[in-house]
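Colleague: Here is my input; please provide its structure:
(chains A and B)
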Amino acid sequence: MRVIYMGTPDFSVLPLRRIAERHEVVLAVTQPDKPKGRGYKMLPTPVKECAQSLGIEVYQPEKINDEAVIEYLRSFEADIIVVAAYGKKLPVSILEMPKYKCINIHASLLPRYRGAAPINRAIMNGDKTGGVTIMNMAEGMDTGDIILQRSFDISTMTAGEYHDRLSEVGSDAVLEAMELIESGRACPVKQNDDEATHAAKITKEECLVEFDMNATAAYNKIRGLSPVPCAYIVLNGKRIKIVECELSCDEGEPGKVLCADKNGIKIAFVGGSIVLKRIRPEGSGEMTAWAYVLGHEAEFR
RNA sequence: CGCGGGGUAGAGCAGUCUGGUAGCUCGUCGGGCUCAUAACCCGGAGGUCAUGUGGUUCAAAUCCCUUCCCCGCAA
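Modeller: Take a look at the predicted model:
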């Protein structure tokens, strides 16, 4: 099939590669480069980088809902448009454009976790099962009919691990869905809107983990925010991001450091405690919790 | 030139303000104690203090300047 692929972040890279192996990707649409990162350097989006390395033409319109842009897309005469975390809402004129319309890879088991941050939210809520959905795109946010879903256990994953797994599973699923569509065997199923939940964007304020919360909830929150944007605590006045931690049954006065040794830094929460394993102190890179203790002995005596 | 922190032994840090023999904890190597140990005791190795044949000085990790790299914030 002739495919137009639309996507932006890392999540969208693997599906693009896989699709390009089996189909003719005639254009990759991605967000414009923006000055970002330290020193406001202009950085290409991950999808742009990938597309260029594959020799696929890249298109980065500022505004997607624009007559000239839409005409340009139409000129490629694609059979299908595949969208994976593009980052902007598409107008109906694009959704209806190709013969096989637009399909989307969404990182949740719809109708749960429609919206911006399905991966993080699923882990933060302590879900046991997660997965990916391939659907026909509709006007509403992630409301399209479901072509197929793939689910798996996520009860011990971090958001980062879940993200990577979703990217793989999503790649296989989208190829399968494309086969179904091309052979006319796809039978999309309507979503049950009553079961829909919304996965709101993560705010910075949410990343602060306070000691008066339940230990299990804190554990889920930390996993759900790792490795980005990354949960943090304030210990001895310093912000410390938590990359990896474990749950422990030991109890104590919330906020108290129960022990700090080679296993990590154990801090009491409500109804249990959290053992910090790998952390990222402010102004410094990632290190083991024990290494941090060695360099800040006075604080842990 | 968006704001800020940092580069000192394999790891994490102190020392820099107030220049004057390079320190701490861990690891590592050797030895000891022990039924035994990740515990304890003794000893050792390991640094051109990121960079510059830079500036100031009798003397620079420390003060001034150059370049490179890393990180946090913000987007």
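
Colleague: and the residue of chain A found nearest RNA strand B, how many residues sit next to it?
Modeller: Minimum separation of chain A from RNA strand B (CB to the nearest atom of the strand) falls at A:Gly295, amounting to 2.3 Å. C-betas here are computed from N, CA, C, even on glycine. If you count neighbours by other CB atoms under 10 Å, A:Gly295 ends up with 10.

Colleague: any idea which element A:Leu73 lies in?
Modeller: helix A:67-74 (DSSP states H and E).

Colleague: What helices and strands are in contact with that helix?
Modeller: For helix A:67-74, the contact count by 3 or more CB pairs under 8 Å, 6 or more residues apart in numbering; DSSP states H and E identifies helix A:92-95 as packing neighbours.

Colleague: For the helix it packs on, list the C-alpha coordinates in PDB.
Modeller: Taking C-alpha atoms only, helix A:92-95 is exported to PDB below (Å, rounded to 0.1, in the frame of the first residue of the first chain):
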ATOM      1  CA  VAL A  92     -12.200  15.600   8.600                       C
ATOM      2  CA  SER A  93     -11.000  16.400   5.100                       C
ATOM      3  CA  ILE A  94      -7.800  14.400   5.900                       C
ATOM      4  CA  LEU A  95      -9.600  11.700   7.800                       C
END
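
Colleague: That one packs against which elements?
Modeller: For helix A:92-95, the elements it packs on are helix A:67-74, judged by 3+ CB pairs under 8 Å, 6+ apart.

Colleague: In the helix it packs on, which residues are buried?
Modeller: Buried residues in helix A:67-74, counted by 16 or more other CB atoms under 10 Å: A:69-70, A:73.

Colleague: Name the next helix or strand downstream of that helix, please.
Modeller: strand A:80-84.

Colleague: Spell out which parts of chain A neighbour RNA strand B.
Modeller: With CB under 7 Å from any atom of the strand as the criterion, chain A comes near RNA strand B at residues A:34-40, A:204, A:229-230, A:239, A:241, A:262, A:280-285, A:287-288, A:291-292, A:294-297.
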